[in-house]
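**Student:** compute the structure for the input listed below.
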Amino acid sequence: MRMSHVYVAALVLTAMQGACGSSSPPQARSAMALPTPTTTAKPETVAQARQTGTVQISPDILKACGMKDADAYFPFDSSRLEKKDIAPLNAVAACFSTGPLKGHSANLVGRADSRGASEYNLTLGQARADGVGSYLEGKGLDKAKVESTSRGAMDATGTDEAGWSHDRRVDVLLLK
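**Tutor:** Below is the predicted model of the structure:
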């Protein structure tokens, strides 16, 4: 029984590798061992953050970078960035590399909806966070200033497609 889980996990990682376009499969990190990011956003204001394509940008970053609100999310079982993600991610990259948040660090927290095994969701969340991180690094962010982690489905609240779609995202948080 244990070998079948390993085989399924290997297949899932291989499939995700193709979806992410990376040369190596994403590696899930244990969420229990992850540091909790310190943000300037209060927990109740994170829900008011900007959702753009696959990312949710925290209110403190929105304010510092002069960005406005929008809504969108990752498609089911995907870690691929969408066209609508490009403009807000470019704005975040510019803000952190040459703008008001130059020198600050960001934490990217990948998330998944509650469907699927917890290991799979942690891996998918990590692939989402790593994909956003790679994009931001490609736009000039210092790799040492971008941390990516996964919460998988640990904080998922959706019970139907509308709710699940809100769970599939990467939170972009400002680290202090």
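**Student:** how about the longest helix seen in the chain: buried residues?
**Tutor:** Counting residues, the longest helix found in the chain (DSSP state H) is helix 118-138. Neighbour-count burial for helix 118-138 flags 120-137 (criterion: 16 or more other Cβ atoms under 10 Å). All C-beta spots, glycine's among them, are computed from the backbone N, C-alpha and C.
**Student:** tell me which other helices or strands that helix touches.
**Tutor:** Contact partners of helix 118-138 among helices and strands, from 3 or more Cβ pairs under 8 Å, 6 or more residues apart in numbering; DSSP states H and E: helix 2-20, helix 83-97, strand 105-111, strand 146-152, strand 170-175.
**Student:** low-scoring stretches of this protein, by residue?
**Tutor:** For the chain, the stretches with pLDDT under 70 are 1-54, 69-73.
**Student:** let's see that with 80 instead.
**Tutor:** 1-55, 68-75, 176 (pLDDT under 80).
**Student:** between strand 170-175 and the longest helix of the chain, find me the angle.
**Tutor:** Counting by axes from the mean of the first three to the mean of the last three Cα atoms, to 10 degrees, helix 118-138 lies at 60 degrees to strand 170-175.
**Student:** helix 118-138 to helix 83-97, inter-axis angle?
**Tutor:** 60 degrees.
**Student:** relative to strand 146-152, how tilted is helix 118-138?
**Tutor:** Using the same axes, to 10 degrees: helix 118-138 against strand 146-152 is 160 degrees.
**Student:** CA atoms only: put helix 118-138 into CSV for me.
**Tutor:** Provided in CSV are the C-alpha atoms of helix 118-138 (Å, rounded to 0.1, in the frame of the first residue of the first chain):
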residue,chain,number,x,y,z
SER,A,118,-2.9,16.7,1.9
GLU,A,119,0.6,15.8,0.5
TYR,A,120,-0.6,16.5,-3.0
ASN,A,121,-2.1,19.9,-1.9
LEU,A,122,1.1,20.8,-0.1
THR,A,123,3.1,20.0,-3.2
LEU,A,124,0.7,21.9,-5.5
GLY,A,125,0.7,25.0,-3.2
GLN,A,126,4.5,24.9,-3.2
ALA,A,127,4.6,24.7,-7.0
ARG,A,128,2.2,27.7,-7.1
ALA,A,129,4.4,29.7,-4.8
ASP,A,130,7.6,28.7,-6.6
GLY,A,131,6.1,29.6,-9.9
VAL,A,132,5.2,33.1,-8.7
GLY,A,133,8.7,33.4,-7.1
SER,A,134,10.5,32.4,-10.3
TYR,A,135,8.5,34.9,-12.2
LEU,A,136,9.3,37.7,-9.8
GLU,A,137,13.0,36.8,-9.7
GLY,A,138,13.0,36.9,-13.5
